[in-house]
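[1] coordinates only, sequence not included:
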């Protein structure tokens, strides 16, 4: 695995920043969560960051003030998250040096695409600033590799591998389920929703077999299949993929 890049998420709402943070971690990024400008400055002093995802609407210090201060001291790229912010605020943010913006509530895949785009654009500038040519800039984490417990799911190759690169057998239906979970972290998915998202051809047969398939997947990805923490059963709800394997 390539060295992960460091993303700082700044949002005063804990559930929002944790959801974004978990999604980015799942795709291989190193993530720091901050609840405002003060904790952001502290995080930057602690270690370098490759990009900041910043909510504009925060109570103590608004996002535009944070952008102005941040861009006056660093060249770290910034993506703004905007909910009730007016078009004028977005324009001012871009004029202050922000690199892009995404409307809240954000589609996580769109946010990931914009992060990748901004990181690609900022890479040449970072290379030019570097004093010595020998260290190659860290590669962006491969968005097609998703962490599932003890394994990595390669979406392009439709393969499941461990940290040593060894491939573990995966049926097409098992891959279909894992792909759905990868796109919907920390969301409870009913059997009906799994059927819809997995595009099951025979819905009735798939519904009967879904529990068995998830049991087989757990044997491959869970540190302890008898106590599943990565793909959890939610009583009366369905299944939930927890990227970090933590209990909600």
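    Here it is on my side, so go on. In this text the structure is predicted, and so the values were computed from the model without any measurement.
[2] low-confidence ranges, the chain, go.
    The chain contains residues with pLDDT under 70 at 1-3, 84-86, 123-143, 200-209, 246-248.
[3] for the chain, just list every one of the helices.
    With DSSP state H as the criterion, the chain has helices at 14-26, 37-46, 63-73, 87-96, 108-129, 172-183, 191-198, 203-221.
[4] who does the fourth one touch, helix- and strand-wise?
    Here helix 87-96 is seen to pack against helix 63-73, strand 78-82, strand 100-103 when contacts are counted using 3 or more C-beta pairs under 8 Å, 6 or more residues apart in numbering; DSSP states H and E. Quick note: C-beta positions are derived from backbone N, CA and C, even for glycine.
[5] how close does residue 112 get to residue 149?
    21 Å (C-beta to C-beta, to the nearest Å).
[6] ok, the two, which is more surrounded?
    residue 149 (21 against 18; other C-beta atoms under 10 Å).
[7] ok, that one to residue 228 distance?
    9 Å.
[8] need the overlap of contacts for the two.
    Residues touching both residue 149 and residue 228 (C-beta atoms under 8 Å, 6 or more residues apart in numbering): residue 222.
[9] hmm, residue 186 and residue 19 touching each other?
    Yes - the pair residue 19 / residue 186 is scored as a contact, 6.2 Å apart, by C-beta atoms under 8 Å.
[10] re the thing from before, got TSV for the helices and strands packed on helix 87-96, with mean neighbour count too?
    What follows is the helices and strands packed on helix 87-96, written out as TSV (neighbours: other C-beta atoms under 10 Å):
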stretch	mean neighbour count
helix 63-73	18
strand 78-82	23
strand 100-103	18
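[11] a markdown table please, covering those and showing distance to residue 190.
    What follows is the helices and strands packed on helix 87-96, written out as a markdown table (distance: least, C-beta to C-beta, whole Å):
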| stretch | distance to residue 190 |
| --- | --- |
| helix 63-73 | 36 |
| strand 78-82 | 29 |
| strand 100-103 | 27 |
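[12] ok, which of these comes nearest residue 235?
    Across those, residue 235 has its closest neighbour in strand 78-82 (33.2 Å, C-beta to C-beta).
[13] quickly run through the sheet partners of the closest one, with directions.
    strand 51-55 (parallel), strand 100-103 (parallel) (DSSP bridges).
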